[in-house]
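Visitor: okay, sequence plus prediction incoming.
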Amino acid sequence: MESKSLQTHFIAIGGSVMHNLAIALKRKGHSVTGSDDEIFEPSRSRLENEGILPENEGWYPEKIHAGLDAVILGMHARKDNPELQRAEELGLKILSFPEFIYEQSSDKQRVVIAGSHGKTTITAMIMHVLKYFDREFDYAVGAAIKGFDTMVQLSDAPLIIIEGDEYLSSPIDPTPKFLKYRHHIGLISGVAWDHVNVFPSEDEYVKQFELFADATPKAGSLVYCEEDPMTSVIGSKERADVNAIGYKTPSFVIEEGVSYLINGAHNVPLKIFGKHNLQNIAGALEILKRVGITEDQFYQAISGFEGASKRLELIAENYDSALYKDYAHSPSKVRATTLALREQYPERDLVACLELHTFSSLTKSFLTEYQGAMKFSNQPLVYFNQDTINHKGLDPISEQDIISAFGERGLKIFNEKEKLMDYLKDQDWKDKNLLMMTSGTFDHLNFESLKELIE
């Protein structure tokens, strides 16, 4: 990493990962400014605590000046952003988030974790184990991880662990983020069509992961889940001088509500559960073996891993019911998360509520991808808000559109959070679990009130 103090300006500083990068740079002694037209919690408080919260929301071209070493451009900004236009007029160095991360880690060993699902959790597992053994490493991850106070760290460490997103790098660069990092060791956890606004066909979406795999350098390693049909095809393709390593779900048992990895004569207790998470563990192990962690060390450390924020996160529980929150929003994630809870609690019914919030999930032609995604829930619920659809400029969808596309017996649809809450309050929660799945907020639903149902 460069030793001189940098002057950087963030366009769209309030983003989840953008504000974490801004904080990381500020803590390293660099000069940081930024702008955004809306900043929500927890970004607002965290930026304010670091003294880099913009004084006013909005875009201010006067913040852009010739003394800046770099302008870091977030995806939330538009191509016609006035600050971006000013930076272009001045001929300043304009970098996307992944370009900046690469520039600051060009002399490090770069490990990039990719996949339509599981990449955040696998990245978090790797970080947890490395920290357990006091290894020096940098990281960039898309969720809060227990034991780490930021989601980005840049230092003089020789290794960086990066969660590699397939989404576009910036409004002016349509290259998928994960291609910008130029990995030495890469992992693909699974491939399931998403982001239909930028990848309108499944073939176009899959192609991005093929490009990622093909970018693995000679003497590099590509780790892939051989149980995922598409990933298996991509990973097993012959590539000259590339070390291809497949992984699959390890042997495990569930005893009295606890999942155990079967490791020879010893069973390793886990604080997480679900077949998809066991798969994630296998992927993390293969990566860690390539950066100097032994299998024995891995099993010693992984038993203490508690998961990433909003990934099967336990919110409340009593002796016969529990409330979980999960980031699941795409069909494959919804299917894996609901299956995990059914297998972990076979004696309890599962009430699973999904918010349709992303561009893909609110696109009428994509809805049929959800067919069967909630089959493991006893009572499937779907929530959506027509205002969100309008805001995204999408065609309207009706309750009948959702019912027909999902094809779930007994599916209930809600488009007002008050009615959803009333329904949940009317239920008898004895021997039932509640799972709330969203990449949004259910229109700022009060989760404290939900906790009262269980507690």
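Guide: Ah, there it is. Everything numeric in this text was worked out from a predicted model, so none of it was measured. Residues are numbered from 1 along each chain as shown.

Visitor: wait, a helix at residue 26?
Guide: Yes: under DSSP: H, G, I helix; E, B strand; the rest coil, residue 26 falls within a helix.

Visitor: for beta bridges, what are the partners of residue 379?
Guide: Counting by DSSP bridges, residue 379 forms beta bridges with residue 351.

Visitor: surely it and residue 354 touch.
Guide: No: at 11.9 Å, residue 379 does not count as touching residue 354 under the criterion of CB atoms under 8 Å. Every C-beta, even on glycine, is put in place using the N, C-alpha and C of the backbone.

Visitor: neighbour count winner among those two?
Guide: residue 354 (30 against 18; other CB atoms under 10 Å).

Visitor: in a strand, that's where that one is, yeah?
Guide: Yes: with three-state DSSP as the criterion, residue 354 is part of a strand.

Visitor: and it, what does it touch?
Guide: 328-329, 334, 374, 380-383, 437-438 (CB atoms under 8 Å, 6 or more residues apart in numbering).

Visitor: same thing with residue 389?
Guide: Applying CB under 8 Å, 6+ apart, we find residue 389 in contact with 362, 395-397.

Visitor: which residues does the closest residue to residue 301 other than its chain neighbours contact?
Guide: For residue 301, ignoring the flanking residues on the chain, the nearest one in space by CB to CB, 6 or more residues apart in numbering is residue 132 at 3.9 Å. Going by CB under 8 Å, 6+ apart, residue 132 touches 300-301, 304.

Visitor: kindly report the same for residue 187.
Guide: 111-115, 119, 122, 222-224, 283, 286-287.

Visitor: tell me which of those residues is nearest to residue 155?
Guide: Nearest to residue 155, judged by CB to CB, of the contacts of residue 187 is residue 111 at 15.6 Å.

Visitor: who touches the helix or strand harbouring the closest one?
Guide: Using DSSP states H and E, residue 111 maps to strand 109-114. Residues from elsewhere that reach strand 109-114 (CB under 8 Å, 6+ apart): 102, 119, 122-123, 126, 158-166, 178, 181-189, 209, 212, 283, 287, 291.

Visitor: same thing but at 7 Å, please
Guide: For strand 109-114, the external contacting residues (CB atoms under 7 Å, 6 or more residues apart in numbering) are 119, 122-123, 158-164, 166, 178, 181-188, 209, 212, 287, 291.

Visitor: now, the residues you listed that are in helices?
Guide: 119, 122-123, 178, 209, 212, 287 (DSSP state H).

Visitor: how is this protein carved up into domains?
Guide: 7-92, 100-302, 313-454 (automatic domain parsing).

Visitor: could I get those domains as CSV with mean pLDDT?
Guide: Listed next are those as CSV, based on pLDDT from 0 to 100:
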stretch, mean pLDDT
domain 7-92, 96
domain 100-302, 95
domain 313-454, 94
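
Visitor: follow-up on the earlier one: buried subset of the contacts of residue 389?
Guide: Among those, the ones that count as buried by 16 or more other CB atoms under 10 Å are 362, 397.

Visitor: columns distance to residue 203 on top of the contacts of residue 389, output as TSV?
Guide: Converted to TSV, the contacts of residue 389 look like this (distance: CB to CB, whole Å):
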residue	distance to residue 203
362	22
395	23
396	28
397	25
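
Visitor: could you report the distance from the residue lying closest to residue 190 once chain neighbours are set aside to residue 360?
Guide: The shortest distance from residue 190 to any non-neighbouring residue, by CB to CB, 6+ apart, is to residue 228 (4.1 Å). Residue 228 sits 19 Å away from residue 360, going by CB to CB, to the nearest Å.

Visitor: do residue 201 as well
Guide: Residue 201 sits 13 Å away from residue 360 when distances are taken as CB to CB.

Visitor: more crowded one of these two?
Guide: Taking neighbours as other CB under 10 Å, residue 201 and residue 360 compare with residue 360 leading, 21 against 10.

Visitor: residues in contact with the more buried one?
Guide: When contacts are counted by CB under 7 Å, 6+ apart, residue 360 touches 194-196, 330, 366.

Visitor: swap in 6 Å and give it another go.
Guide: Counting by CB atoms under 6 Å, 6 or more residues apart in numbering, residue 360 touches 194, 196, 366.

Visitor: most neighbours, which of those?
Guide: Per-residue neighbour counts (other CB under 10 Å) across these peak at residue 194, which has 25 neighbours.

Visitor: tell me where the stretch 101-250 of the chain has helices.
Guide: Ranges of helices within the stretch 101-250 of the chain are 119-132, 177-180, 202-214, 229-235, based on DSSP state H, counting those that start in this stretch.

Visitor: can I get those helices in JSON lines with distance to residue 402?
Guide: Shown next, in JSON lines, are the helices of the stretch 101-250 of the chain (distance: least, CB to CB, whole Å):
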{"stretch": "helix 119-132", "distance to residue 402": "27"}
{"stretch": "helix 177-180", "distance to residue 402": "31"}
{"stretch": "helix 202-214", "distance to residue 402": "21"}
{"stretch": "helix 229-235", "distance to residue 402": "26"}
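
Visitor: of all the ones you listed, which lies closest to residue 107?
Guide: Among these, the nearest to residue 107 by CB to CB is helix 177-180 (16.1 Å).

Visitor: measure residue 13 to residue 165 for me?
Guide: Per CB to CB, residue 13 is found 18 Å from residue 165.

Visitor: what's the neighbour count on residue 134?
Guide: Counted with other CB under 10 Å, the neighbours of residue 134 add up to 6.

Visitor: swap in residue 29?
Guide: Neighbour count of residue 29, defined by other CB under 10 Å: 8.

Visitor: element containing the closest residue to it other than its chain neighbours, please.
Guide: Excluding the flanking residues, the one nearest residue 29 by CB to CB, 6+ apart is residue 5, at 5.9 Å. For residue 5, there is no helix or strand it lies in under DSSP H and E.

Visitor: can you start the count at 42 instead of 1 from here on
Guide: Sure, I'll start counting at 42 from here, so that last one is residue 46.

Visitor: before we move on, back to that, secondary structure and distance to residue 107 for the contacts of residue 430 - can I get that in JSON lines?
Guide: Shown next, in JSON lines, are the contacts of residue 430 (DSSP: H, G, I helix; E, B strand; the rest coil; distance: CB to CB, whole Å):
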{"residue": "403", "secondary structure": "coil", "distance to residue 107": "42"}
{"residue": "436", "secondary structure": "coil", "distance to residue 107": "45"}
{"residue": "437", "secondary structure": "coil", "distance to residue 107": "48"}
{"residue": "438", "secondary structure": "coil", "distance to residue 107": "48"}
